[in-house]
Every structure is written in structure tokens, then in C-alpha cells.
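Student: No sequence on hand, only this structure:
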Ligand SMILES: Nc1ncnc2c1ncn2[C@@H]1O[C@H](COP(=O)(O)OP(=O)(O)OP(=O)(O)O)[C@@H](O)[C@H]1O
Ligand SMILES: C=C(C)CCOP(=O)(O)O
């Protein structure tokens, strides 16, 4: 069935090149913005989250290896880097006529799994397309990274979305036989096909666990060029079940 209210996570593996720092994949971003615009034009509603890609993951891993921890200055640097990618995504969506409203995750989250998402829900109800992203926040334990995968899952549950779509650079989840799985659960064995590049928040295994915890009926991991098909209810990519 076609999605009425969707939460879509624009994966950093799709919108950036994770093997090269601060590199946007402009063609992919343009395509995703056009697919989002087309879904909205057909009457769909959605909220968006994007990942760290070669912006967030690179800076976190560089700062951790150079300074050993994320203190106030490091958290601020990560927040700045994610804002840069956030503005880039806003520019692309706006150029396709999407009425996007950007919400910094560090203004809504106080820990890895603790976010107050009401501002996004309010904008969604008002007819805007709210957007947030994976980010860093300063806690009593020091700086921590809040994954966009987690925010997307929490947002889908709170918004009572009927679809939760994780967009990435792979056709879906690759199973141990090397083929895309039609369905996956967090207990299933999957192949490890991690590419060059850095990831500080758990890659595919973490994504499956977060996706499954949302308990949204139609939860999928799809390649970027299949987003609109997924929003239209087609069985593309890999469906995630608890
Ligand atoms: N079994 C698997 N099936 C599919 N992809 C896998 C698998 N194992 C590892 N991967 C890796 O997981 C990556 C996708 O996870 P990743 O966390 O990078 O996605 P993302 O959400 O797009 O990125 P970001 O966290 O930057 O937003 C793929 O690019 C692939 O390299
Ligand atoms: C690395 C940072 C700052 C954000 C991580 O978010 P994710 O890429 O959605 O896991």
C-alpha cells in the first residue's frame, strides 16, 4: 500500500561519498529531492532525517583519534560540520519546491536515545516537511553521537508513520549467500560488505536494530533510486521486521 505518512532517513552512504571527507554526491541528492517532491505532489506527507556520511563520521573519527574524546570544542565542531551538510540538503530540497524546515538534532536531543521531537511533529502537522540529522550532543559523560538511524526510528513511532524508509547506497541488506534479502530481522545473519570509509554508529547491523525497534508496518532499507517506488508501496529493497 502507498505510504500516507512516511519517515525517510537519507543515508550518508547515499548523499555523500563515505570514502572521501566532505564529499556530497550531488546527483544522488538531486534525485532524492526530486523523488520527495513528487511524493508530496501526489498528496503524501513525510518527515526527513539525514545521516553523517563523509561529514559527521569523518570529523568524529578524526577528533577521537587526535584528541581521544569529544569535549565541548569537539562537540561544537561536529555540530558545525553537520549543519553544513544540513544546509546543503535544505538547498537541494527547496530548489525542488519542498517546504523543508530544518531542526538541529542537538537542540532536541540530550543523549543517544533521548530526543524531544515535538517541534518536528508540530511542523509536520502544519504542512511543512521537517528535516533533522544525526548529530553530537554534550552530556554529563562528555560528547556523544546521536545517530540519524535512531532519530528516524523514534520519529516514525511518535508520528505514527505508516512507512519508515532507510535510503542507502545498496539495493538492500545482503544476506550470507551474497543476495539481497527480501526480509530481515535483527537476529538474522547478514554479510559483512563494509566498504572503505569510516562509520562511528554501527553501519548496517545497527541500522537493522534501529529500524526493527520502530514497529512500523512498512519498514524498508532501499537504494536511493528506489525511494519513490518504496513510498508508492512497492516491495523494493529489504523489509525489516522485529
Ligand atoms: N550485509 C550488508 N548488506 C548491505 N550493506 C552492508 C552490509 N554489511 C555492511 N554493509 C554496509 O552498510 C552500508 C550502509 O550503512 P551506513 O551506515 O553506511 O548507511 P547510511 O545510513 O547510508 O550512512 P550514514 O550512517 O552515514 O547515514 C553500505 O554502504 C555497506 O557498505
Ligand atoms: C556522525 C554523526 C555526527 C552523525 C551520525 O548519524 P548517522 O550517520 O545517521 O548514524
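Tutor: Thanks, I have the structure now. Given the structure is predicted, the values throughout are model-derived calculations rather than measurements. Ligands and ions are numbered 1, 2, ... in the order given.

Student: so residue 161, which of the three states?
Tutor: Counting by DSSP: H, G, I helix; E, B strand; the rest coil, the backbone at residue 161 sits in coil.

Student: and if you look at the one 10 residues further on?
Tutor: Per three-state DSSP, the local secondary structure of residue 171 is coil.

Student: Just to check, it is in contact with residue 237?
Tutor: Yes - between residue 171 and residue 237 there is a contact under C-beta atoms under 8 Å: 6.5 Å. C-beta coordinates here come from the backbone N, C-alpha and C atoms, glycine included.

Student: which neighbours do the two share?
Tutor: Shared contacts of residue 171 and residue 237, defined by C-beta atoms under 8 Å, 6 or more residues apart in numbering, comprise 180, 222-223, 226.

Student: what are the ranges of the helices in the chain?
Tutor: 12-15, 26-41, 53-67, 72-95, 118-126, 148-159, 203-213, 227-231 (DSSP state H).

Student: Deepest in the core, which of the ones you listed is it.
Tutor: Of the helices of the chain, the one with the most neighbours on average (mean count of other C-beta atoms under 10 Å) is helix 12-15, at a mean of 27.

Student: Run through who's touching it.
Tutor: 18, 24-25, 28-29, 32, 50-57, 85, 89, 134, 148, 167-170, 223-224.

Student: Can you say which of these are also within reach of ligand 1?
Tutor: With the criterion set as C-beta under 6 Å from any ligand atom, the members of the contacts of helix 12-15 near ligand 1 are 51-53, 57, 148, 168-170.

Student: can I get the residues you listed in a markdown table with distance to ligand 2 and pLDDT?
Tutor: Converted to a markdown table, the ones next to ligand 1 among the contacts of helix 12-15 look like this (distance: C-beta to the nearest ligand atom, whole Å; pLDDT from 0 to 100):
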| residue | distance to ligand 2 | pLDDT |
| --- | --- | --- |
| 51 | 3 | 98 |
| 52 | 3 | 98 |
| 53 | 6 | 97 |
| 57 | 5 | 97 |
| 148 | 3 | 98 |
| 168 | 10 | 97 |
| 169 | 13 | 96 |
| 170 | 15 | 96 |
